[in-house]
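> Predicted model and sequence below, questions to follow.
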Amino acid sequence: MLQVADLFSVSLPFLLLTVQTFFLSYCGIPGSHAPILVVGMFPPVVYASYLSTQTFTLDHVCFDFLWAIAGAYMVLKSLDFAVMSIGEVPRWIGNGTWNDNASDGLPRTLKGRLVYAIGLTCSNRGTGWNWGLQRPAENLTRHQVVRKIVVAFLVHDAITSSLYRITHPLNRDLNNATLTTKLLLPPLAAAQLYYLFELGYYAFQIITPPQVTQNWPKFQNAFYKSTSLTEFWGRRWHQTFRRMFRSLAWRPVSKLLGGSDTPLQKSVCMLAAFTLSGLIHDVGCWRFGGSDWRMWSFFPLQAVGILLEAYLEVKRWPKGLAWLWTMGFLYTAALNTLLKSVIELGIWDDIFVGRWAVGWCFSRVVQLF
């Protein structure tokens, strides 16, 4: 059962990040000291995030792993706010319902600033290459959001139960897997993450004020339809970290290389962005004793794959063949790096099966066979 101290530990990083984004809304005012306050909030967010990942646990590998990554996400998001220039401060792009929109797109009233701060802390608006909405808003009703949450929960729970059933006999060693298990594991793992992200994204829409969620875009877009790695990572898989990769990896490396826009420089910058992605995911392993090269190496491999498909001109291939290339590369890379680490950690061998209704029922049905 959650204690008051647990709730404080979980909520403190979000609260501090919201304070930071609240100060951010003042950055457009000439002579304001808000930029100093925004930078000053970074150390408290780092400490609160670290404290939260170290003290709050449900004693389940899967949850603790993801919670450690969430802590890294909050730190990077805070750093992104701290290092951005005044010209980058996100402008409000809503539909005018605040009634206090200034010409620069920043709120002017206290209520407007609070909505702005909550929006930047909780939403996906600021995670694209820029602060604009990358996709059209879904404009879902409350009823539709609840339905998406229920569907995502039930599907995720059923898939997680399946993963438990096929990985539990492996004794945390993928080398013990049969060919059938190896064929099923990557697509099931991708589907589990897909619906987990859907569940979290739409759950946030329920607990967040309507003024903030009124033009949230669709979070993901049918990753299994991708016909290139560029399409998979750039358009269809979730974009939660994308702006951070751009501002904290791509841009610094580009400046370090002289700021030219050559193909070689772009390749190095892309490799840096994917390496940062790998390190973020590796934080989950640090929670359990240390780094695992198999966890983080999966992501730089994706940069190599994108460069390779550009060289091979995969975009000119027939769609069916391009789809096979994309899924085959992802499947092979995941099975030989990422999933070996996940299996060894026991992420699917230590879950809430038996506590969730659907998971309990599904696992019992599987036992019949």
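Received, thanks.
> Identify the residues contacting residue 185.
Neighbour list for residue 185: 163, 166, 167, 177, 335, 339 [criterion: Cβ atoms under 8 Å, 6 or more residues apart in numbering]. In short, each C-beta sits where N, CA and C put it, glycine included.
> How about the contacts made by the fourth one?
When contacts are counted by Cβ under 8 Å, 6+ apart, residue 177 touches 170, 185.
> which residue ranges form the strands in the stretch 101-250 of the chain?
If DSSP state E, counting those that start in this stretch is used as the criterion, the stretch 101-250 of the chain turns out to lack strands entirely.
> Does residue 349 belong to a helix, a strand or coil?
With DSSP: H, G, I helix; E, B strand; the rest coil as the basis, the three-state label of residue 349 is coil.
> Now it: closest residue in space that isn't a chain neighbour?
The shortest distance from residue 349 to any residue that is not its chain neighbour, by Cβ to Cβ, 6 or more residues apart in numbering, is 5.5 Å, and that residue is residue 168.
> Could you do residue 63 as well?
Across the structure, with Cβ to Cβ, 6+ apart as the measure, the residue nearest residue 63 apart from its sequence neighbours is residue 57 (7.6 Å).
> count of neighbours near the one you found?
Other residues near residue 57 come to 14 when the count uses other Cβ atoms under 10 Å.
> Which helix or strand in the protein has the lowest average pLDDT?
Lowest on mean pLDDT, DSSP states H and E among the helices and strands of the chain sits helix 357-367, with a mean of 54.
> Can you pull out the low-pLDDT segments for this structure?
Counting by pLDDT under 70, the chain contains low-confidence ranges at 1-2, 4, 28, 30, 85-106, 123-137, 211-212, 214-215, 350-369.
> max-length helix in it?
Across the chain, the helix with the greatest residue count (assigned by DSSP state H) is helix 179-207.
> Neighbours of the residue nearest to residue 349, how many?
Using other Cβ under 10 Å, residue 168 is surrounded by 16 other residues.
> One more: the one 3 residues further on?
Using other Cβ under 10 Å, the number of residues around residue 171 comes to 11.
> do residue 202 as well
Here the neighbour count serves as a burial measure; for residue 202 (other Cβ under 10 Å) it reads 24.
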